[in-house]
Structure formats: structure tokens, C-alpha cells
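**Student:** model this:
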Amino acid sequence: MTMNFRRFSSALLLIAVSALFTGASAQISFTNKASVGAVVSTDQVRAELLAWAPDGVESGKPVWVGLQLAHIPEWHTYWKNSGDSGLPTVLEWTLPKGVTAGEIAWPTPKKISIGTLANYGYENTVLLPVPLTVAPAFEASQLNIKLKAAWLVCKKECIPQEGEFTLQIPVRSSTGSSSGIFAAAFAASPQPLAGTGSQVEAGAQVIKLSLSGLPASLQGKTLELFPESANVIEPAGAWQQAWKGNVWTAQLPLSTQRTDSPRLMPLVVAFDKQAFRIEAPVQGEWPAVAAAAVVPPALEAALKANAALGAPPVGGSSPPFGLLAALLGALLGGLILNLMPCVFPVLAIKVVSFTQEKNQAARLAGGLAYTAGVLLSFIALGAVLLGLRAAGEQLGWGFQLQSPAVVAALAALFTLIGLNLAGLFEFGSFLPSHVASLQAKNPTVNSFLTGVLATAIASPCTAPFMGASLGFALGLPAWQALSIFAAIGLGMALPYLVASAVPAVARALPRPGPWMDTFRRLMAFPMFATVAWLVWVLGQQSGIDGAGALLALLVLMALVLWSLTLRGQARVALATFSIALAATGVWAMGQNVIKPLQASGLAAAPSERWQTWEPGRVEQLTAQGQNVFVDFTAAWCVSCQYNKKTTLANSAVLADMDAKKVVLLRADWTRRDPAVTAALSQLGRSGVPVYVIYKPGRAPVVLSEILSVDDVRAELAKL
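**Tutor:** Sure thing, here's the model as predicted:
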């Protein structure tokens with residue numbers, strides 16, 4: 001087999017998350033396995049395992065089995081070379097000792113055009129026959145056959161399906177009830193021709209065919225051509241053909257995705273019900289191909305299946321590339337993450353630590369500890385995310401901030417840090433002397449915890465390059481996926497690691513002085529700004545009562561901290577009172593903080609311009625000929641809010657939206673929403689922001705995570 005069943009099954013698992021692209025009307029679903037037997041039926045296909053053994057099951061006698069696929073109207077499956085998109089049907093046989101299965105005798109396909117794509121496949125009913133070879137030593141009263149089959153059935157959307165089949169063939173008697181079906185399949189298969197003198201001439205942009213030996217009945221006819229080698233020609237490209245005497249010639253466009261340079265090209269040419277197969281040698285030298293990235297076989301199959309959905313290149317670039325490129329994208333995304341607004345508070349902490357530490361060795365130790373904290377935290381978050389998704393949870397990147405309790409805890413933590421930077425208290429004054437001494441002797445622990453904190457606050461952000469790598473990671477084996485999470489962490493920590501290791505950075509820092517205390521207090525305000533943002537996020541999740549309760553509890557926490565800084569009898573009295581008051585506040589208002597809004601209150605109220613996204617709404621609108629712009633967003637995503645207030649609120653952008661009659665939908669992911677998670681997974685993403693333009697009959701376009709007015713207007717101009 002050209003692809004075994006395990007590869008195809010792995011591909012099915014990866015379709016919902018692979019690189020970067022899902023079609024506008026893609027609704028991937030998996031069929032429930034039907035009961036094992038000779039027939040498996042789905043809503044689109046009736047699949048039946050058939051056999052033909054006219055002389056019984058005996059060595060040297062013809063024994064054939066085959067999977068018959070009966071499609072409902074307008075649906076199709078694929079040939080061995082599926083064309084621009086799709087996947088061929090895969091058969092995996094379990095046969096008794098002494099019996100082996102050959103390759104599928106593929107019937108001649110038809111060319112199926114979908115939008116700008118051209119595929120090769122089958123409609124209506126087709127039989128995929130497979131010859132069995134029976135060894136002389138085979139002895140049994142019946143031949144027990146088991147088959148696992150997987151096929152991709154498509155209309156405009158594509159649905160991966162699979163089935164298990166069993167069949168028993170009597171050994172000593174004829175099995176010929178399906179002889180007519182097999183005879184029709186054999187007649188539909190291309191007949192081999194020697195084609196002596198045929199050749200393929202490789203060129204820089206086209207290939208030229210010269211086929212000789214074709215029957216006289218075909219001469220002067222316009223033929224169909226089906227190359228068995230994938231990614232050599234452009235199936236949907238314009239090409240010319242002509243007859244020069246009894247030699248048929250054609251000039252075809254070379255595929256821009258070509259990754260192979262075959263020296264022998266098997267081709268099928270057909271006219272009406274006649275089809276012939278010729279293996280033509282290649283003359284000349286193929287133009288150089290781009291170095292192919294290392295792509296796991298299962299991912300390669302998944303990418304082809306995604307292409308069947310009209311998979312778009314992300315941001316107008318070529319499809320992704322495999323683990324190495326994903327790691328590079330993750331590293332770049334982590335670097336850019338330092339420029340995201342949500343990371344600014346952590347930048348403040350790091351700047352303070354750099355100004356306070358003048359010893360190069362201590363600074364390097366701190367940089368290494370910070371890097372370790374970031375790396376381990378990203379790996380831990382990735383492991384939790386992968387584990388929960390494997391358990392069936394619909395989660396994505398930033399999932400922790402979908403919990404009001406986590407948001408409230410982070411607000412309390414940043415309030416604590418802000419008050420510390422502002423000089424209200426010192427952590428050492430609250431710690432036992434031996435703990436404070438230990439902390440002072442191990443500043444690297446502080447750096448490590450700063451790395452943990454940086455990850456906690458940065459994880460809701462998705463930077464350019466990072467979103468595609470995260471979506472790619474969720475479909476990989478665990479160790480590969482975790483390596484991508486680690487690469488994001490390394491990218492984020494790299495500037496600090498380099499700064500701590502390069503003495504020139506230390507020399508560029510200003511000399512210590514009284515200004516450092518002022519600077520430290522100034523850095524408290526980014527912390528308080530983060531608290532304000534977190535309170536607003538919680539308000540989106542738990543309502544105005546939840547946000548008000550959190551503010552009240554933060555005030556009580558500040559009161560407790562202030563009371564503990566006092567001296568003498570006042571400290572005991574006020575600390576006791578404030579702690580009791582805070583405990584009462586937690587008891588009375590704590591539930592308001594973590595209590596979620598009802599589901600009906602989660603989505604933002606529709607406005608005159610923006611409507612609420614719902615599953616199936618995009619397909620409904622595009623079917624009516626509407627262009628659609630979807631904003632996948634969340635209240636806790638600072639990048640989302642930045643894009644919303646700048647680009648998406650820009651008058652020129654909105655005017656273009658109105659001129660093109662674009663329907664605007666907003667998918668709110670502030671609270672956990674499995675439907676939004678599934679939609680993101682279909683786009684190959686696992687976090688927000690994600691911006692998508694859907695066009696009727698065309699592949700969707702996924703824009704950059706950081707929007708610009710010019711980029712959005714340029715894309716709208718193409719509508």
C-alpha cells in the first residue's frame with residue numbers, strides 16, 4: 001500500500017488542528033463505527049466489501065476482493081492521485097497465512113472541479129478491486145477476510161470516514177455473484193500500453209508530453225490526462241494538447257508545489273470509456289525544487305486532507321512545513337511576545353531587577369533562573385492543556401483565564417506586587433527571619449518565580465507566528481508538542497538571557513543611586529493597570545457584582561497589609577480587625593467573584609454592526625453569497641482589545657466593510673465555549689486573537705494576530 005491505515009488514522013486526528021487552514025464550509029466530523037460486517041453505511045456513502053472467485057480459492061486461480069463505494073449525489077471520494085486536494089481511499093487487509101493482497105486496480109477517475117481546485121476522484125458508484133494471491137500451502141474450508149478502510153468523502157465540505165468489514169469466501173465453491181460488478185470495474189480500469197517512443201520533457205515552467213502507441217480510435221480526439229504522480233503538474237492549470245500524426249502531444253504547467261523529480265512518469269489518458277496507462281521516461285533535467293521540510297507522514301496526509309476543504313495559506317503565505325519550521329515559528333512568536341501589551345507588567349519587574357543587580361555573575365545566574373522559570377512554566381502549561389484535551393476537554397491556549405477564580409487570584413497577586421513596589425511593605429518584614437535570610441541568599445529563586453509569573457500573565461497573548469505553531473502542536477505526539485511550547489518559552493526569555501550574559505548591557509545601565517527607589521515606585525503603576533484590566537475581565541465573566549466584589553476584597557487585602565506594617569499596640573488591634581473584616585468579606589462576597597454569568601449573558605450584546613457568532617452561522621451567510629468577517633476574541637486578551645480599539649474601530653476599515661457588505665461576527669471566548677474552541681481548531685489555532693475573512697466559494701483568509709489598517713483594507717479590496 002502507498003499509505004498504511006495507521007498513517008491515515010493519524011491524519012484524521014490531525015485534520016482539525018494542522019497548520020493553518022480549514023475551508024470556509026468545513027465541517028469535519030467522524031462517523032461512528034458501524035457494526036462489523038460486509039456493509040457500512042453513512043449519510044454520504046454506502047460501503048460494501050465484495051468478492052469474486054469464479055474457480056474457488058485456489059493457488060493460481062483468480063481471486064478478487066473489492067470495496068464498493070456508492071456515493072449520494074454531488075459527493076465524491078478520491079483516486080490514487082487526488083489532485084489539488086483530498087486523500088485516496090486506504091485499505092488495510094487482515095488475511096490468513098498463505099494469502100496476500102495486491103495493490104488496488106484503480107478505475108479511471110474523472111476530473112472534479114471545486115472552485116479554483118481540480119481533483120481526481122469518483123462519483124456515483126465505484127468498485128476498488130484488489131487481487132489476492134493464494135499460496136499452494138493454503139488450506140482451509142473458507143477464506144476469512146477482514147478489512148479496515150478509510151476514505152475522505154467531499155462535496156464542498158469534507159468528511160473523513162472509516163469502517164471495518166468482514167467476509168467469508170467458501171474455498172471449494174465458486175463465488176461469482178458479483179462478477180458483473182467486477183467486470184465493469186476491470187473495464188473501467190486503464191489498459192496498459194507499451195507506448196514505445198513516448199517521453200516527457202521537463203522544462204522550467206512546463207512539461208511537454210509526447211505519447212505514441214495510442215489506438216487509432218483515439219487519434220484526433222481531445223483526451224483527458226491523469227498523472228499518477230502527485231504534485232508534478234497543476235491539475236487546475238490551463239494546458240494545450242494536439243495530435244502530430246499518430247503522436248499525441250501536450251504541454252502542462254509545472255506544479256509550484258513540486259517536491260519530486262521522477263525519471264519515469266506513469267500517466268493515464270482517457271476518452272469516453274476508453275482509458276490507457278503509459279509509463280513515459282523523462283528527458284532533460286527537472287528545475288530545482290525547494291528543500292522540503294521534514295514533515296511527519298501523518299501530518300503530510302492531514303495537510304492534504306485539509307486542502308480538500310479549500311485550506312487557505314495563512315496570511316497569504318505557503319502552507320506550513322513541519323516540526324522544524326513550527327519550532328522556528330514558536331521561537332519567533334515567543335520573542336514577539338515580549339512586545340505584547342500583556343507582558344508589559346513583567347517587563348517592569350525585570351527592569352527593576354536589572355537596575356538593582358550590578359554583579360555580572362549574579363545577573364547571569366538570575367537570567368538563567370528566569371529562563372528556567374519561563375521554560376518549565378510553558379512546558380507545564382502545555383502538558384496540562386494536552387492532558388485535558390486528551391481527556392475530552394475543549395480547551396485552548398490561555399484556558400486558565402477562562403476561569404473567574406484564576407482571574408481573581410491573578411488580580412490579588414498583581415495587587416500584592418504593586419503594593420510592594422510602591423513601598424507599602426517589604427516581603428521580608430512578613431516572613432520568618434530564617435525564611436527571609438534564605439530568600440536573601442537565593443535571589444535566583446526570585447528570578448525563577450518571576451519567570452513563572454511572566455508565563456502566567458503572558459499566556460493569554462498570541463503573537464504572530466505563535467498561533468500557527470500552537471495549533472500545529474496540539475496535533476503532534478506529546479514530546480514534539482511540548483518541544484514547541486518550550487520553544488515559545490525560550491523565545492520569550494531569550495532577550496533577558498542575552499542581556500544577563502552580555503557585559504555590554506551591564507555597562508550601559510545607569511549607576512545606582514536614589515533614582516532607583518523612585519523608579520521602583522513608578523513601576524507599581526503597570527501592576528495596578530494590570531489589576532484594572534483583570535477586574536474588567538472578571539466583570540465580563542461574573543458580571544458587575546463579581547467585579548465590584550473583587551475590588552472590595554482587594555481593598556481589604558491592602559488594608560490587612562498596611563495594618564501589618566504598623567508598630568506597637570496599634571498593629572495588633574488594627575491587624576486583628578482588618579483580618580477579621582477581610583475574612584468576613586471573603587465569606588460574604590467570595591461567591592460573587594467566582595460565580596459565572598448564565599450562558600445567555602456571556603456573549604456580547606449584538607450591535608448595529610457586530611453580530612454574535614454561532615456555529616453554522618458563517619456557512620449560512622456564505623451560502624447566501626455574503627462575505628463574512630469573524631473576530632475570535634476574549635476579554636482577557638489584551639491584543640484583542642488593542643486590535644478592536646484601533647484597527648477594527650477605524651473609520652476607513654468600517655467604511656470598506658460597509659462598501660463590500662461584509663457581515664461582521666464576533667466569537668466571544670472569554671468564558672469556556674466548546675463551540676468556539678472547535679471553530680479555532682478547524683482553523684488550526686488554539687488561542688485568540690484570530691481574524692478570518694470568509695468568501696463565498698473561496699478559501700477563508702486568516703489574518704495576522706496583530707492587525708493593521710492597511711493589511712485589513714488590502715484584503716477587503718480583494719472581495
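
**Student:** What helices and strands are in contact with the host helix or strand of Ala409?
**Tutor:** Assigned by DSSP states H and E, Ala409 belongs to helix 404-421. With contacts defined as 3 or more C-beta pairs under 8 Å, 6 or more residues apart in numbering; DSSP states H and E, helix 404-421 has these neighbours: helix 344-356, helix 443-458, helix 524-564, helix 569-594. In this view, the C-beta of every residue, glycine as well, is placed from N, C-alpha and C.

**Student:** and of those, who's closest to Leu147?
**Tutor:** Closest approach to Leu147 among the helices and strands packed on helix 404-421 is made by helix 443-458 (48.3 Å; C-beta to C-beta).

**Student:** Could you verify that Ser173 is part of a strand?
**Tutor:** No: checked against DSSP: H, G, I helix; E, B strand; the rest coil, Ser173 lies outside a strand; its state is coil.

**Student:** Skip the chain neighbours and tell me the closest residue to it.
**Tutor:** Closest residue in space to Ser173, ignoring its immediate chain neighbours: Gly56 at 6.0 Å, by C-beta to C-beta, 6 or more residues apart in numbering.

**Student:** So the one you found, which state does it fall into?
**Tutor:** Gly56 is classified as coil under three-state DSSP.

**Student:** again with the one 5 residues further on
**Tutor:** Three-state secondary structure (criterion: three-state DSSP) places Lys61 in coil.

**Student:** That one: how many residues sit nearby?
**Tutor:** Residues within reach of Lys61, counting by other C-beta atoms under 10 Å, total 11.

**Student:** Pull the contacting residues for it.
**Tutor:** Contact analysis of Lys61 by C-beta atoms under 8 Å, 6 or more residues apart in numbering lists 53-55, 134.

**Student:** next one: phi and psi at it?
**Tutor:** Phi and psi for Lys61, reported as degrees, to the nearest 10, are phi -100, psi 150.

**Student:** From Val134, how far off is it?
**Tutor:** From Lys61 over to Val134 the distance is 7 Å, taken as C-beta to C-beta, to the nearest Å.

**Student:** Give me the below-cutoff pLDDT ranges for the stretch 151-300 of the chain.
**Tutor:** Within the stretch 151-300 of the chain, the segments meeting pLDDT under 70 span 195, 256-260, 288-300.

**Student:** Please, where are all the helices along it?
**Tutor:** Assigned by DSSP state H, counting those that start in this stretch, the helices in the stretch 151-300 of the chain fall at 179-188, 297-307.

**Student:** Flag every buried residue along the shortest one.
**Tutor:** Taking 16 or more other C-beta atoms under 10 Å as the basis for neighbour counts, the residues of helix 179-188 that come out buried are 181-182, 185, 188.

**Student:** Same list, these, but as CSV with distance to Glu705 please.
**Tutor:** Output for these, formatted as CSV (distance: C-beta to C-beta, whole Å):
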residue, distance to Glu705
Ile181, 53
Phe182, 54
Ala185, 50
Ala188, 49
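
**Student:** picking that back up, so the residue nearest to Ser173 sits right up against Pro170, yeah?
**Tutor:** Yes: here Gly56 reaches Pro170: they are 7.4 Å apart, a contact under C-beta atoms under 8 Å.

**Student:** Which members of the contacts of Lys61 are classed as buried?
**Tutor:** The buried subset of the contacts of Lys61 - by 16+ other C-beta under 10 Å - is 53, 134.

**Student:** now, which of the contacts of Lys61 sits nearest Lys244?
**Tutor:** Taking C-beta to C-beta as the measure, Lys244 sits nearest to Pro54 out of the contacts of Lys61, at 43.8 Å.

**Student:** residue contacts, the nearest residue to that closest one once chain neighbours are set aside?
**Tutor:** Excluding the flanking residues, the one nearest Pro54 by C-beta to C-beta, 6+ apart is Gly176, at 4.9 Å. Residues in contact with Gly176 (C-beta under 8 Å, 6+ apart) are 52-54.

**Student:** Likewise for Val268?
**Tutor:** With C-beta under 8 Å, 6+ apart, Val268 has these contacts: 108, 190, 225-228, 275-277.

**Student:** just Val628 next, same as before
**Tutor:** Neighbour list for Val628: 618, 621-622, 662-665, 693-694 [criterion: C-beta under 8 Å, 6+ apart].

**Student:** what do you get for Lys155?
**Tutor:** Applying C-beta under 8 Å, 6+ apart, the residues contacting Lys155 are 44, 74-76.

**Student:** Tabulate the contacts of Val268 (CSV), appending neighbour count.
**Tutor:** Shown next, in CSV, are the contacts of Val268 (neighbours: other C-beta atoms under 10 Å):
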residue, neighbour count
Thr108, 22
Pro190, 22
Leu225, 18
Phe226, 23
Pro227, 23
Glu228, 18
Ala275, 20
Phe276, 21
Arg277, 19
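
**Student:** Out of the residues you listed, which is nearest to Met527?
**Tutor:** Using C-beta to C-beta, those come closest to Met527 at Pro227, 62.8 Å.

**Student:** Surely the closest one and Trp239 touch.
**Tutor:** No: counting by C-beta under 8 Å, Trp239 is not a contact partner of Pro227; they are 11.4 Å apart.

**Student:** Quickly list what's touching both of the two.
**Tutor:** With C-beta under 8 Å, 6+ apart, Pro227 and Trp239 have common neighbours Ile233.

**Student:** Walk me through the domains of the protein.
**Tutor:** What automatic domain parsing lists as the domains of the chain is 5-189, 199-283, 323-597, 603-716.

**Student:** worst average pLDDT in those?
**Tutor:** Of all the domains of the chain, mean pLDDT reaches its minimum on domain 323-597 (a mean of 72).

**Student:** hmm, back to that, would you mind giving the contacts of Lys61 as a markdown table with distance to Arg571 added?
**Tutor:** Output for the contacts of Lys61, formatted as a markdown table (distance: C-beta to C-beta, whole Å):
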| residue | distance to Arg571 |
| --- | --- |
| Ala53 | 96 |
| Pro54 | 101 |
| Asp55 | 102 |
| Val134 | 94 |
